[in-house]
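Engineer: Next one to model:
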Amino acid sequence: MSYYVLFYKTVDDYIVRRIPYREEHLRLAEEARIKGDLVMAGALSDPADEALLIFQCESTDVVEEFAKNDPYVRNGLISEWKVRPWAVVIKQ
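Structural biologist: Prediction:
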C-alpha cells in the first residue's frame, strides 16, 4: 500500500457553489474512508482555493476514480486536479 495526495484547485466562490453538492461529496469521501482508501481530507483556508485528500491504497487508479466520480469535479467546482505519490517518512 502506498500513499497518494489528490490536489484540488477550486473555482472562485467555491464555498457557496459547493452547497448543492456537499452532501454527495461527503458521502463519497466517507465511503472511501470506510473502505480504507481515504486517510484524511480537507480544504485549505485563507484563501479557500485548494483542497488535499490523502489516500493509502494500491494505485493511483483508486484516487483517479474517486476524483472522476466526485460531484465537485463533475460539476465544475474543481478547476484542476492531480494525483501525486507521497513518500511518507514519518507517521503517527
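
Engineer: Show me where this protein has its helices.
Structural biologist: 14-17, 22-35, 60-69, 71-74 (DSSP state H).

Engineer: Tell me which of those sits nearest to residue 47.
Structural biologist: Checking those against residue 47 by Cβ to Cβ gives helix 14-17 as the closest, at 9.5 Å. C-betas here are computed from N, CA, C, even on glycine.

Engineer: And the contacts of that closest one?
Structural biologist: 11, 43, 48-49, 77 (Cβ atoms under 8 Å, 6 or more residues apart in numbering).

Engineer: again, 10 Å this time
Structural biologist: When contacts are defined by Cβ atoms under 10 Å, 6 or more residues apart in numbering, helix 14-17 is touched by residues 8, 10-11, 22, 43, 45, 47-51, 72, 75-79.

Engineer: For ChimeraX, write a command that selects the buried ones of those residues.
Structural biologist: Restricted to buried positions by 16 or more other Cβ atoms under 10 Å, the ChimeraX selection for the contacts of helix 14-17 reads:
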select :8,10,51,72,77,78
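
Engineer: just to revisit the earlier point, among the helices of the chain, show the one with the smallest mean pLDDT.
Structural biologist: Mean pLDDT is lowest for helix 14-17 among these, at a mean of 93.

Engineer: how many neighbours does residue 3 have?
Structural biologist: By the criterion of other Cβ atoms under 10 Å, residue 3 has 15 neighbours.

Engineer: and the spatially most central residue of the chain, how far is that from residue 83?
Structural biologist: Note on the chain: the residue nearest the mean C-alpha position is residue 53, at 3.9 Å, using Cα atoms, centre = their mean. To residue 83, residue 53 is 9 Å away according to Cβ to Cβ, to the nearest Å.

Engineer: Having no further points to raise, I will conclude here.
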